[in-house]
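# heads up, no residue letters with this:
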């Protein structure tokens, strides 16, 4: 297949976002549609709490199916992002000994991954296994496949989550909506794979996904993630702080997005506008943003590193990262360079209404899914064009003689050699004409006798003779004209 459709669903604490892309053989991912639906209290800290989320997913899928480029296609399979406060990593060491010096194969590496999965604590589901370092006969190897050795070791980061995350996704998407989950994709790793440059991953950097209720931190070194953790705090904590100023949550969220600033200017006089004291508002915003940043920076120490070990700096994505002044406060407190992550790689966005930064999460899932084995996501209705591609419109033996069954006196090549039990033979036994193949049929005889081969040749000779006569007459007429 030259191209295929991919559908991704990201279920967050504040919204559900879905997107459709077309991936071609060259690896280019063309994002053709994106839709989202707001959520309130149905998902907490990345885990579904209410199966009514299925209604929101249905609305998202229906709007995606309405896009012209889906050509009346029906979404039947999806790739789902995994996140939430329970998502974390564990570094494990595994090894195997071979009976003699042998070639290291892909199967052997897969066996090491299986060993690493078994080391995850009981009661947690494995989301992904990411190799950090390989050794062959105690020598470090970037890619051991194809090398020779007797002792193979690996350090791997095993990403896991609580079983409830996947269980609720299966209930909502599979059982209630009948959608096939083609794969679970760890969203922070997919985002980092797209937003980070190779130099940042190799030098060492911190990737931060600042969401509504959770903040995920992943630390990369030497090209691989060596640490991942999800903090149970996000931009919604700032919104809830503002509700103490006697605003409902929706109004507090609006004030935060439009006028909130994590870096309030000191010494500025109190300003009142529309009855809102923005100085007091920004004091709340600054205090909570500073607390979240302190927890983000503390992960460097928990990973056993220092800021100087991460010259690539901090790359931040997520809705919370769009808070005014947040990145400036992060630079001030962390003494590290900070940049906003963006959509990178073989991505093309066909719909101008799709904002890349605001859809980075679901776009990263599409890109990650395009690199997995092909699975069906969209089913299209049967059409005449499809029938033609399947050969229905070609001049085959069956179509050339279609309609001649009504006149059984017309011979067909090979008719005398049909199998006795074939469907065509059974359907025509009771309706055969006495002249077929020169046989005489007794109306009371359910099994007529087969005509002789000579009769078949006589019938063919007669037919070919009539065709020759017609051709000769038409040719003569053309010469006369």
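That came through fine. Everything numeric here is computed off the predicted structure, so don't read it as measured data.

# in the longest strand that the chain contains, what counts as buried?
Of all the segments of type strand in the chain, defined by DSSP state E, the longest one is strand 88-103. Residues of strand 88-103 classed as buried: 88, 89, 90, 91, 92, 94 (neighbour count, 16 or more other Cβ atoms under 10 Å). In this view, the C-beta of every residue, glycine as well, is placed from N, C-alpha and C.

# what separation do you get for the fifth one and residue 9?
It stands for residue 92. 30 Å (Cβ to Cβ, to the nearest Å).

# so where's the stretch 201-350 of the chain shaky on pLDDT?
266-273 (pLDDT under 70).

# list the buried residues of stretch 205-223.
Taking 16+ other Cβ under 10 Å as the criterion, stretch 205-223 shows 205-221, 223 as buried.

# skip ahead from the longest strand of the chain and say which helix or strand is next.
helix 106-117 (DSSP states H and E).

# show me what that next one is in contact with.
Residues outside helix 106-117 that contact it (Cβ atoms under 8 Å, 6 or more residues apart in numbering) are 92, 94-96, 126, 129, 131, 134, 144-145, 152, 154, 156, 158.

# buried among the residues you listed? Need that as a selection in PyMOL.
Buried residues within the contacts of helix 106-117, by 16+ other Cβ under 10 Å, are selected in PyMOL with:
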select buried, resi 92+94+126+129+131+134+144+152+154+156+158
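
# from the buried residues of stretch 205-223, which ones fall inside strands?
Assigned to strands by DSSP E, the following of those qualify: 205-210, 215-221.

# what two of those are the furthest from one another?
The most widely separated members of these are 210 and 221, with 21.3 Å between them, by Cβ to Cβ.

# so which residues of the stretch 251-400 of the chain form helices?
Secondary structure of the stretch 251-400 of the chain (DSSP state H, counting those that start in this stretch): helices located at 278-302, 326-334, 360-370, 384-389, 397-400.

# tabulate the ones you listed (CSV), appending mean neighbour count and distance to residue 195.
CSV is the format used below for these (neighbours: other Cβ atoms under 10 Å; distance: least, Cβ to Cβ, whole Å):
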stretch, mean neighbour count, distance to residue 195
helix 278-302, 18, 16
helix 326-334, 18, 14
helix 360-370, 26, 7
helix 384-389, 10, 39
helix 397-400, 10, 55
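
# can you tell which of those is closest to residue 101?
helix 360-370 (36.3 Å).

# returning to what we had before: columns secondary structure and distance to residue 367 on top of the contacts of helix 106-117, output as CSV?
Putting these into CSV (DSSP: H, G, I helix; E, B strand; the rest coil; distance: Cβ to Cβ, whole Å) gives the following:
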residue, secondary structure, distance to residue 367
92, strand, 27
94, strand, 29
95, strand, 33
96, strand, 33
126, strand, 22
129, strand, 20
131, strand, 20
134, strand, 25
144, coil, 26
145, coil, 24
152, strand, 31
154, strand, 26
156, strand, 23
158, strand, 23
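
# and which of the contacts of helix 106-117 is nearest residue 78?
residue 126 (20.4 Å).

# so that closest one bridges to which residues?
For residue 126, the beta-bridge partners are residue 160 (DSSP bridges).

# surely it touches residue 159?
Yes - under the criterion of Cβ atoms under 8 Å, residue 126 makes contact with residue 159 at 7.3 Å.

# still on that earlier bit, now the helices of the stretch 251-400 of the chain in TSV, with distance to residue 51?
Formatted as TSV, these follow (distance: least, Cβ to Cβ, whole Å):
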stretch	distance to residue 51
helix 278-302	31
helix 326-334	34
helix 360-370	22
helix 384-389	36
helix 397-400	51
